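Trainee: Sequence and predicted structure, then a few things I'm wondering about:
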Amino acid sequence: MIPLRFDTLSQQVAGLEAIDFYLARDLSRCLLEPSHKTLSGTEQALLFNMLLALHWFLRQGNTCLPVAELAGLSFGQDREKGIPGLQFPGKIELLAVLAQVAIQPEDTGPVVLDREALYLRRYWIFECEVAEDLRHRMQFLPLSEAQHKSITTLVKSSFPRAPVPEEIDWQRVAVANAVGRRLSIISGGPGTGKTFTVTRVLLALQALHEGQLRIEMAAPTGKAAQRLKESISQAKQQLQKQGVDSGLINSIPETAKTLHRLLGFRPRTVHPRLGVEHPLRCDLLLIDEVSMIDIAMLARVLRALPEQAILIMLGDADQLPSVEVGSVMADLTCRPHPGYSGVVAAQIEAITGQSVPVDESSRFGHLTLLTKTYRFGGEIGILASAVIQSDGKQSWALLHDHEWQQTQASLLEDSAQVTYIPDHRTDEWLKNACLEYYRPMLLAPSVDDAFLQLSQFRLLTPTRVGNQGVVALNDRVEQILLRSNMGIRPGQHYRGRPIMVTENHYGVRLFNGDIGLVWTNEEGHLVAYFEDSERETDKDLNQTPLRQVNLARLPAVETVYAMTIHKTQGSEFQHVAIVLPEVESAILSPELLYTGITRAKQHVSICTSEAVWKAALKKRAKRYSGLAQRL
Ligand SMILES: Nc1ncnc2c1ncn2[C@@H]1O[C@H](COP(=O)(O)OP(=O)(O)OP(=O)(O)O)[C@@H](O)[C@H]1O
């Protein structure tokens, strides 16, 4: 039978939330209504338990729940707390119960069983739509002889240096591959030249279309859109210096929007203005930071994207997947690259003079992986790559060799790129960091200077709660600043308070995750300042213009000396300090640490202990989705 009360069930199943219970109860009732006579009480309870687990899996970002994952599982068991969990029988028994309810794809109910995985119909529809659209766009369209010639010349002139002999230049490969496709994915870690490469891809595609392609560029967050715009602008300047045809260069736009703005999302609705009936007016859409996109957003983008339009996606498949449901980037990539079909490899060779691995059965022709780093190299790069390979030994040795020495006069004078702070010394180190980074921000002569100072440093942590979570760290920073006579007023607005918006407000153009600073305006009143990504960056100052928002009009905000690693995706800072929980935690994974570390441009500090660090690297953040199989 279906359990009647959430509070009773929550004592038996760890990590359960009320929404899991109520949703499973309503879904069970809905599915049982037409077939209640055929299901025994035990079978009904089993169905309810599967739906409970399905919603729990969705909350963890999975698009579906493979039934095999439940087989024999003690779901929600916590031995330490004496919580028994729910016992699931084997797969055959589970499928036998599911076979008695109307959950086949052709049924119309709210739940779907497809390829032995359970879905909420909503996500199943999104996944099928995305797969079908991408499959169509994936087809390869070989170039004509004349087109080959023009692209070969362009590739030669648009890359500043000749390729290194005996080494495949994957950036060139990406260009040669993308010119024959309506879907390309370029994946690589930070500084591997994704934007550098895609600018050359855009150039080549414009050359093929006589500069007439209408190009749109977008990213999941305002910060990521801003960075994309700046990187494209920088890449265009390089091309100009190399003497590439300026008409062609000018046909690449320098504007980038958030996906929400691109699609015209409206307040209080999940339905954007643009879609199948009102498509985007563009021939090419470039999306950056694709790992942050969830399946629902990608489905909406594809609905609005004309069938013949080219889609190019950039991202880092090693980063955390989206906060919402789905693992789009991971589903569309594969490492190492299995190779390209013979036809594709021949085109790549004709254009670049390089031979790439051939695999006729490869489903990843749309993908190019960039592996060579042009930006950081050094210790941050070594640490990031050891972390993503779950190499506890190498990464720990690197941290251990860079333990913070109290004798160091200043954190800013540290020439190494990595510092390790043993967890028992976190507070001592934090005091130094606050005085070196946040004090000058509070004392800055202008809001522009304060913004620059704010972008120098950020404290990152995996969680909001707990002693090392966002809330506690923000409190600790404010207490340190208060004790240093910085005249701040914890819990209230004060000049120099960094704030993060926590809800969307279309009226004042502020969105969840936007970061601003409270500062005094020309009249001496406290207002909030935010970067105005819709105005042109001042190229001389290399700074985004700021705009003022009256404090009374602000949506919900919170102090942001520290923020979660999830929220920081798509942003970069000169120095990033990652503070990990004092004890091992299920939330830690190599992907989470990698995402945090790669936010740092010059320096990364890690506050942890050996046990927590090594345990974090043993876990893998796995998400279940059927997208890869459908492609
Ligand atoms: N082949 C190359 N030759 C010379 N410089 C390069 C090359 N590729 C990239 N760069 C330089 O490396 C830097 C990083 O490149 P880019 O910004 O394109 O990387 P990215 O992968 O987009 O980084 P992120 O993900 O951090 O935004 C830029 O300054 C770029 O000009």
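Mentor: Received it, and whenever you're ready, just let me know what you need.
Trainee: Regarding Gln574, what is its secondary structure?
Mentor: strand (DSSP: H, G, I helix; E, B strand; the rest coil).
Trainee: I'd assumed Val604 was in contact with it.
Mentor: No. Look at Gln574 against Val604 with CB atoms under 8 Å: they stay out of range, at 10.3 Å. For the C-beta atoms, the positions are set from N, CA and C on the backbone; glycine is no exception.
Trainee: Looking at the two, which one has more neighbours?
Mentor: Ranked by neighbour count (other CB atoms under 10 Å), Gln574 and Val604 place Val604 first, with 28 against 15.
Trainee: residues contacting the more buried one?
Mentor: Shown in contact with Val604 (CB atoms under 8 Å, 6 or more residues apart in numbering): Ile380, Leu383, Gln417, Val418, Thr419, His575, Val576, Ala577, Ile578, Gly596, Ile597.
Trainee: When you compare pLDDT across the residues you listed, which one is lowest?
Mentor: Minimum pLDDT for the contacts of Val604 is recorded at Gln417 (88).
Trainee: Can you tell me the closest non-neighbouring residue to it?
Mentor: Closest residue to Gln417 apart from its sequence neighbours, by CB to CB, 6 or more residues apart in numbering: Glu379 at 4.0 Å.
Trainee: For the residue of the stretch 51-200 of the chain found nearest the ligand, give its distance to Glu167.
Mentor: In the stretch 51-200 of the chain, the residue that lies nearest the ligand is Gly193 (2.9 Å; CB to the nearest ligand atom). Gly193 sits 14 Å away from Glu167, going by CB to CB, to the nearest Å.
Trainee: Over to Ile125?
Mentor: 44 Å.
Trainee: same question, Phe457
Mentor: 37 Å.
Trainee: The two - which one has more neighbours?
Mentor: Using other CB under 10 Å as the criterion, Phe457 and Glu167 rank with Phe457 on top: 23 against 9.
Trainee: So for that one, what's the pLDDT?
Mentor: For Phe457, the predicted pLDDT is 94.
Trainee: Hmm, Ala562 and it touching each other?
Mentor: No. Phe457 is beyond contact range of Ala562, at 10.6 Å (criterion: CB under 8 Å).
Trainee: Where does the closest residue to Val101 other than its chain neighbours sit, in terms of helix or strand?
Mentor: Leaving out its chain neighbours, the residue that sits closest to Val101 by CB to CB, 6+ apart is Leu31, at 4.4 Å. Here Leu31, judged by DSSP states H and E, is contained in helix 18-32.
Trainee: how distant is that helix from the center of its chain?
Mentor: Relative to its chain's centre, helix 18-32 lies at 31 Å (CA atoms, centre = their mean, to the nearest Å).
Trainee: repeat for stretch 620-631
Mentor: 16 Å.
Trainee: so which of the contacts of Val604 comes closest to the ligand?
Mentor: Ile380 (11.5 Å).
Trainee: got a list of what the closest one touches?
Mentor: Gln417, Val418, Ile597, Thr598, Ala600, Gln602, His603, Val604.
Trainee: Mind doing that once more with 7 Å?
Mentor: Gln417, Val418, Ile597, Ala600, Val604 (CB atoms under 7 Å, 6 or more residues apart in numbering).
Trainee: how much space is there between the residue nearest to Gly76 when sequence neighbours are not counted and Gln87?
Mentor: Spatial nearest neighbour of Gly76, excluding adjacent residues (CB to CB, 6+ apart): Val13 at 3.4 Å. According to CB to CB, Val13 and Gln87 sit 11 Å apart.
Trainee: any idea how far Trp396 is from the ligand?
Mentor: Distance from Trp396 to the ligand, counting by CB to the nearest ligand atom, to the nearest Å: 25 Å.
Trainee: same check, this time on Asp475
Mentor: For Asp475 relative to the ligand (CB to the nearest ligand atom), the value is 32 Å.
Trainee: Grab the nearest non-local neighbour of that residue.
Mentor: Going by CB to CB, 6+ apart, Asp475 has Pro490 as its nearest residue, at 7.2 Å.
Trainee: And that neighbour, its phi and psi?
Mentor: Per-residue torsions, Pro490: phi -50, psi 140 (degrees, to the nearest 10).
Trainee: now swap in the one 3 residues further on and tell me
Mentor: Main-chain dihedrals, His493, degrees, to the nearest 10: phi -80, psi 140.
Trainee: does it really touch Val527, like I thought?
Mentor: No. Proximity of His493 to Val527 does not meet the contact threshold set by CB atoms under 7 Å, at 9.3 Å.
Trainee: which one of those two has more residues nearby?
Mentor: Taking other CB under 10 Å, His493 and Val527 do not tie; Val527 has more neighbours (22 against 15).
Trainee: just checking, that one touches Ala552?
Mentor: No. Between Val527 and Ala552 there is no contact under CB under 7 Å: 9.8 Å.
Trainee: what residues does the helix or strand Ile578 falls within touch?
Mentor: Assigned by DSSP H and E, Ile578 falls within strand 573-579. Here strand 573-579 makes contact (CB under 7 Å, 6+ apart) with 426, 433, 455-461, 468, 473, 596, 599-607.
Trainee: now do 6 Å
Mentor: With contacts defined as CB atoms under 6 Å, 6 or more residues apart in numbering, strand 573-579 is touched by 455-461, 468, 596, 599-607.
Trainee: Please flag which of these sit within helices.
Mentor: Among the contacts of strand 573-579, DSSP state H puts Gly596 in helices.
Trainee: where along the stretch 201-350 of the chain do the helices fall?
Mentor: Secondary structure of the stretch 201-350 of the chain by DSSP state H, counting those that start in this stretch: the helices cover 222-241, 246-250, 259-263, 295-304, 328-332, 342-352.
Trainee: Please tell me how far Leu143 sits from Ala176.
Mentor: Distance from Leu143 to Ala176, by CB to CB: 9 Å.
Trainee: same deal with Gly326?
Mentor: Gly326 is 30 Å from Ala176, by CB to CB.
Trainee: Please apply the same query to Phe21.
Mentor: In terms of CB to CB, Phe21 sits 54 Å off from Ala176.
Trainee: between these two, which one's more packed in?
Mentor: More neighbours surround Ala176 than the other of Phe21 and Ala176, with 27 against 23 (other CB under 10 Å).
Trainee: how about the more buried one, what does it touch?
Mentor: Ile348, Ile351, Thr352.
Trainee: Output those as a markdown table; include the columns distance to the ligand and pLDDT.
Mentor: A markdown table is the format used below for the contacts of Ala176 (distance: CB to the nearest ligand atom, whole Å; pLDDT from 0 to 100):
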| residue | distance to the ligand | pLDDT |
| --- | --- | --- |
| Ile348 | 17 | 93 |
| Ile351 | 16 | 92 |
| Thr352 | 13 | 92 |
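Trainee: mind putting those in TSV, distance to Asn250 and neighbour count included?
Mentor: Below are those laid out as TSV (distance: CB to CB, whole Å; neighbours: other CB atoms under 10 Å):
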residue	distance to Asn250	neighbour count
Ile348	28	23
Ile351	24	26
Thr352	26	25
